[in-house]
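Asker: model this:
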Amino acid sequence: MRECEITLEPAASRLPLPTDAQDVWQRFGRGPTDQPAFLLIHHAIEAHAAVRPQGIAAHCLGETISYGELNRQANRLATLLRQQGVAPGDHVALFVERSIPMLVGMLAALKVGAAYIPQHVGITPSAQLRHIMDVASTRVVLTLSSLKSQIPLTSQQHCICLDEFMKVASTPADDLNVACSPSSTPDRLCFVLFTSGTTGLPNGVRVTQRNVCNILLTAPGNLGMRPGLKVGQILNIAFDMAAWEILGCLAHGATLMIRGKDIGQTAEQCDVLIATPSILGTLDPLRCRQVKVVALAGEPCPRALADRWSSFCTFYNACGPTETTIVNTMQHYRGEGPLTIGKPTPNNTVYVLDEAGRLCKVGEQGEMWAGGDCVTAGYLGNPALTAERYRPDPFLGQGRMMFRTRDLGRWTVNGELEHLGRVDDQVKVRGFRVELDSVSAALESSDSCERAVTLKLDSRHLAAFVYPVTTDIDDARRRCEERLAYYCVPSLILAVEQIPLTSRGKVDKRLLLEWAMAHQADLGAATRSVVNA
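Answerer: Next comes the predicted model:
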């Protein structure tokens with residue numbers, strides 16, 4: 001599918017839509033209708049604090065905090081934020097690392113009607129922190145005393161060290177929740193998530209309370225979280241899926257297990273895990289038998305990984321860019337049948353459109369656009385990019401917006417979505433169009449290959465990385481040759497001891513490309529194993 005400009009205005013009735021494609025949209029493209037129990041996510045957390053104040057909200061490196069104390073400390077901090085001039089609609093920088101004080105800062109910002117901006121200090125470069133504060137016009141920064149020196153503050157910015165703040169004991173008076181501003185509506189921002197910035201300056205995605213409540217307080221996005229269950233907090237806090245872990249857990253009264261350096265040690269104690277396939281692939285399922293629910297998103301999931309975990313727990317394969325609020329499609333995969341990204345989640349819609357902006361029939365490939373309550377409020381301080389990626393939704397109408405995901409997909413006869421890779425991952429090799437994810441899937445069909453990543457090396461060659469290092473490269477190559485055209489078969493296949501990950505738990509394709517280019521001399525040999533790459 002070539003790059004194109006899709007015109008979808010002014011109204012759906014003016015589009016030449018085939019009747020059967022309309023039927024597909026009506027039957028498959030609409031998620032169920034449901035009403036979240038709360039319109040503001042922090043109200044759900046406050047409700048658990050009122051009913052179960054002694055319940056453990058979070059556990060981190062041997063320390064715990066109850067729901068009652070979390071809420072009291074957040075009320076104290078919210079009062080201070082108001083005194084510092086933080087008003088509804090403002091942005092509060094939450095520049096921290098995984099910790100219990102992080103939760104207090106997050107909840108306090110929401111209580112005053114502000115949007116928090118999470119960044120993991122020590123992982124995010126100082127220049128990016130400065131860029132984020134400039135774009136968001138932040139006047140208050142919440143951090144930890146050990147990290148304050150790493151934050152490029154200006155004289156106009158006030159810094160509050162959360163750990164120092166929490167040394168003061170709360171009082172019964174702090175049980176009184178900070179009163180909501182009349183302007184605290186579901187359309188008020190909840191948080192702003194900045195992209196990683198790997199392709200330029202990071203962009204801030206504006207996520208509303210409506211967006212968050214819609215996915216976290218309805219099934220299946222709630223993942224069955226409830227009091228008595230332990231939910232892992234293993235992801236980078238700047239990653240949108242971390243909000244699924246943190247706010248999802250606290251909104252349902254479960255206990256958040258905040259990891260230290262050892263992800264596996266935390267995962268073994270959890271009932272619910274939310275992760276990328278790359279991170280889940282590093283865990284030993286035999287040591288995680290307490291896990292009852294796993295939800296994956298962020299990358300294509302290898303079938304072998306899904307089969308391994310779905311054999312003993314409820315397994316969800318999900319999809320959705322940050323701009324559609326964590327995920328907007330989910331499949332409950334039971335270990336049989338095709339592994340897909342499922343169906344639209346409640347109050348959401350998905351459109352598979354061809355290059356002319358027409359709805360595709362079952363089995364036809366197109367680009368996926370997302371509509372409904374998942375669609376975020378655009379990019380912070382970047383109206384041009386917002387206008388490019390967000391468009392009026394001609395199918396729902398009524399002033400609703402939809403988002404261009406740049407993911408390719410198609411409907412199955414059962415009304416589920418097959419993810420066919422990113423538009424950006426369709427490359428030209430020797431003049432032919434190649435879908436990189438299809439090549440990786442063919443490599444992963446080899447019994448000895450658990451994970452594969454394929455990249456374009458140059459105009460004539462593909463390079464692939466397979467894991468583990470013991471992968472039978474000849475067999476993996478044969479699988480490609482049997483399933484795909486000759487020009488799709490990688491010229492270079494490198495077996496590695498590990499697939500490198502970014503700080504957000506996704507495959508580090510930039511580093512892999514550097515490895516591949518370092519081995520271009522091996523193209524004639526066609527295959528090679530790389531140990532300790």
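
Asker: in the longest strand seen in the chain, what's buried?
Answerer: Longest among the strand segments of the chain by residue count, using DSSP state E, is strand 401-411. Neighbour counts over strand 401-411 (16 or more other CB atoms under 10 Å) mark Met401, Met402, Phe403, Arg404, Thr405, Asp407, Leu408, Gly409, Arg410, Trp411 as buried. Bear in mind the C-beta positions are built from the backbone N, C-alpha and C, glycine included.

Asker: Could you spell out the sheet neighbours of that strand, each with its direction?
Answerer: strand 366-372 (antiparallel), strand 390-392 (antiparallel), strand 417-422 (antiparallel) (DSSP bridges).

Asker: Quick one: closest of those to Ala136.
Answerer: Counting by CB to CB, Ala136 lies closest to strand 390-392 out of those; the figure is 19.3 Å.

Asker: tell me the mean pLDDT over the closest one?
Answerer: Average pLDDT, strand 390-392: 97.

Asker: distance between the ends of stretch 347-362?
Answerer: Taking CA to CA, to the nearest Å, stretch 347-362 runs 22 Å from one end to the other.

Asker: And stretch 187-204, by the same measure?
Answerer: For stretch 187-204, the end-to-end distance is 17 Å (CA to CA).

Asker: Pull the residues that contact the lengthiest helix in the chain.
Answerer: For the chain, the helix reaching the highest residue count under DSSP state H is reported as helix 67-83. Applying CB atoms under 8 Å, 6 or more residues apart in numbering, the contact partners of helix 67-83 are 45-46, 48-49, 52-58, 65, 92, 100, 103-105, 107-109, 111-112, 114, 140, 160, 162, 165-166, 168, 170-171, 174-178, 250, 253.

Asker: of those, buried ones?
Answerer: Using 16+ other CB under 10 Å, the buried ones in the contacts of helix 67-83 are 45-46, 48-49, 53, 55-58, 65, 92, 100, 103-105, 107-109, 111-112, 114, 140, 160, 162, 165-166, 170, 174, 177-178, 250, 253.

Asker: got any ranges where this protein has weak pLDDT?
Answerer: Confidence mapping of the chain against pLDDT under 70 gives the ranges 1-19, 183, 196-200, 521-533.

Asker: can you give me the helices for the stretch 101-250 of the chain?
Answerer: Residue ranges of the helices in the stretch 101-250 of the chain, as given by DSSP state H, counting those that start in this stretch, are 126-136, 162-165, 209-216, 240-251.

Asker: Gln119 is nearest to which of those helices?
Answerer: helix 126-136 (6.2 Å).

Asker: just how off-centre is that closest one within its chain?
Answerer: Going by CA atoms, centre = their mean, to the nearest Å, the spacing between the C-alpha centre of helix 126-136 and its chain's C-alpha centre is 21 Å.

Asker: just the CA coordinates of that helix, formatted as CSV?
Answerer: Extracted C-alpha coordinates of helix 126-136, given in CSV (Å, rounded to 0.1, in the frame of the first residue of the first chain):
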residue,chain,number,x,y,z
SER,A,126,18.2,15.7,30.0
ALA,A,127,17.6,17.5,26.7
GLN,A,128,14.4,15.7,26.2
LEU,A,129,13.2,16.5,29.7
ARG,A,130,13.9,20.2,28.9
HIS,A,131,12.0,19.9,25.6
ILE,A,132,9.0,18.3,27.4
MET,A,133,8.9,21.0,30.1
ASP,A,134,9.1,23.8,27.4
VAL,A,135,6.3,22.3,25.3
ALA,A,136,4.1,21.6,28.3
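
Asker: Perfect, that will be all.
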